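**Q** Give the three-dimensional model of this entry:
(one chain, ligands or ions: 1)
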Amino acid sequence: MVRYVYCTASTLDGFLADDADSLDWLLNVPGGDGASAFATFLDGVGALVMGSTTFDWVHRHENLHDHPERWRSAYAERPAFVFSSRQVAPVTGADIRHVHGTVSSHLADIEAAAAGRDVWIVGGGDLAGQFADIGRLDRIIVTYAPATLGSGRPLLPRRLDSARLRVEEAAMDGPFAQVTLSVSP
Ligand SMILES: NC(=O)c1ccc[n+]([C@@H]2O[C@H](COP(=O)([O-])OP(=O)(O)OC[C@H]3O[C@@H](n4cnc5c(N)ncnc54)[C@H](OP(=O)(O)O)[C@@H]3O)[C@@H](O)[C@H]2O)c1
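**A** Next up is the predicted model:
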């Protein structure tokens, strides 16, 4: 059974990005380059899912227009499903599938693409919430950075009580604290 895993970094106060979609709070953490758990996680991933704001950020940040090879360096051949009501920017040579509508209408295609490995829900928080809404969010891995923002893009704007969430693991990863939770439907 394919697992849907929402894996992300967050501020201590539960934000993925600031109000201007900047990730400077994360990129500027001293010693952040030393974190290593993410590479192990990525090894088990067969396909990616993300919203258009997240995709646009990656596109801009990595300058994929001029350097499309950077996508492959980061994610290899893994298919990526980008949810958007608009046309998303292309990335030459990458398997990017533009989708829209309910997440349930795309589960079969996403799972076929993942080929038995995990689906990484990259973000944002509402998209992860759409999977939780239909009982198809299996795991949450949050890497907490030693930073707060006060406002910004929320980690998971849903109400999930402790009957649905169970902490499976907590560990240090470089300057970060990583918490893994299982989610029941
Ligand atoms: N800290 C981290 O590690 C981390 C991880 C992930 C993301 N981020 C950042 O956090 C921010 C997240 O932004 P966000 O919360 O706005 O979320 P997002 O999920 O990246 O993008 C939201 C947009 O995706 C589209 N969308 C979502 N669900 C859809 C559906 N079912 N059908 C069609 N379109 C759909 C909609 O835009 P349109 O229809 O207008 O396209 C929606 O406004 C970004 O700045 C991102 O870079 C940080």
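**Q** Enumerate the residues of the chain near the ligand.
**A** 8-9, 16-17, 21, 23, 26, 50-54, 57, 83-86, 100-101, 103, 122-127, 130, 153 (CB under 6 Å from any ligand atom). C-beta here means a position set from N, CA and C on the backbone, and glycine is covered the same way.
**Q** Look through the chain and state the residue closest to the ligand.
**A** Gly51 (1.9 Å; CB to the nearest ligand atom).
**Q** Alpha carbons of the helix or strand of the chain with the lowest mean pLDDT, as PDB, please.
**A** Least confident helix or strand of the chain, by mean pLDDT, DSSP states H and E, is helix 37-43 with a mean of 93. Provided in PDB are the C-alpha atoms of helix 37-43 (Å, rounded to 0.1, in the frame of the first residue of the first chain):
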ATOM      1  CA  ALA A  37      17.600  12.900   7.500                       C
ATOM      2  CA  PHE A  38      16.000  14.300   4.300                       C
ATOM      3  CA  ALA A  39      18.200  12.200   1.900                       C
ATOM      4  CA  THR A  40      17.200   9.000   3.700                       C
ATOM      5  CA  PHE A  41      13.500  10.000   3.400                       C
ATOM      6  CA  LEU A  42      13.800  10.900  -0.300                       C
ATOM      7  CA  ASP A  43      15.200   7.400  -1.000                       C
END
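**Q** Tell me the buried residues in that helix?
**A** Ala37, Phe41, Leu42 (16 or more other CB atoms under 10 Å).
**Q** From the rest of the structure, what touches the helix or strand in which Asp56 is found?
**A** Take DSSP states H and E as the rule and Asp56 turns out to sit in helix 52-61. With contact meaning CB atoms under 8 Å, 6 or more residues apart in numbering, helix 52-61 is reached by 17, 21, 23, 50, 64-65, 71, 80, 82-84, 86, 88-89, 91, 96, 122-124, 153.
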